[in-house]
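Undergrad: here's a sequence, model it:
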Amino acid sequence: AAAANSNSMAEGCAETPFIRGDVNGDGGIDISDAVTTLDYLFTGGSIGCEKAADSNDDGAINVADGIALLGYLFSGTGDLPMPFPTCGTDSTVDVLECESDNGC
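TA: Alright, predicted model coming up:
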């Protein structure tokens, strides 16, 4: 059997560890992560790990992710989907990428 190509985009994305909700990649989850999500959505800001910004794990980055993150932080809506609150990989199949997450 041929060895898997470790440089393939799909494999690289699937294996990049991240913390869901740690949008700015600083290793913690706070209001600045919600601000980074909204900045990304509305002013063309950038993020290193789209999967971390998908706070509700629905496979898309939109306002609902900011709401989910704020709900976790301020309304006691419960934990975010895994990987949370520690580093891990995403078991959900989606098209979101994760090039880097400095928090892991």
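Undergrad: all contacts plus neighbour counts: C-alpha atoms, from now on.
TA: Noted.
Undergrad: just give me the neighbour total for the residue lying closest to I61 once chain neighbours are set aside.
TA: The spatial neighbour of I61 that comes closest, neighbours along the chain excluded (Cα to Cα, 6 or more residues apart in numbering), is D54 at 5.3 Å. Per other Cα atoms under 10 Å, the neighbour tally for D54 reads 27.
Undergrad: same check on S75?
TA: Other residues close to S75 by other Cα under 10 Å number 10.
Undergrad: quick one: residues contacting the residue nearest to I61.
TA: D54 sits next to 20-21, 60-62, 65 when contact means Cα atoms under 8 Å, 6 or more residues apart in numbering.
Undergrad: redo that, cut-off 10 Å
TA: 20-23, 37, 60-66, 68-69, 80-81, 96 (Cα atoms under 10 Å, 6 or more residues apart in numbering).
Undergrad: next: V23.
TA: Applying Cα under 10 Å, 6+ apart, the residues contacting V23 are 29-30, 32-37, 40, 46-55, 69, 101, 103.
Undergrad: touching, T77 and N56? I think so.
TA: No - T77 is beyond contact range of N56, at 11.5 Å (criterion: Cα atoms under 10 Å).
Undergrad: how close does the residue nearest to I61 sit to T43?
TA: Using Cα to Cα, to the nearest Å, one gets 17 Å for the distance from D54 to T43.
Undergrad: one more: T36?
TA: With Cα to Cα as the criterion, T36 and T43 are 10 Å apart.
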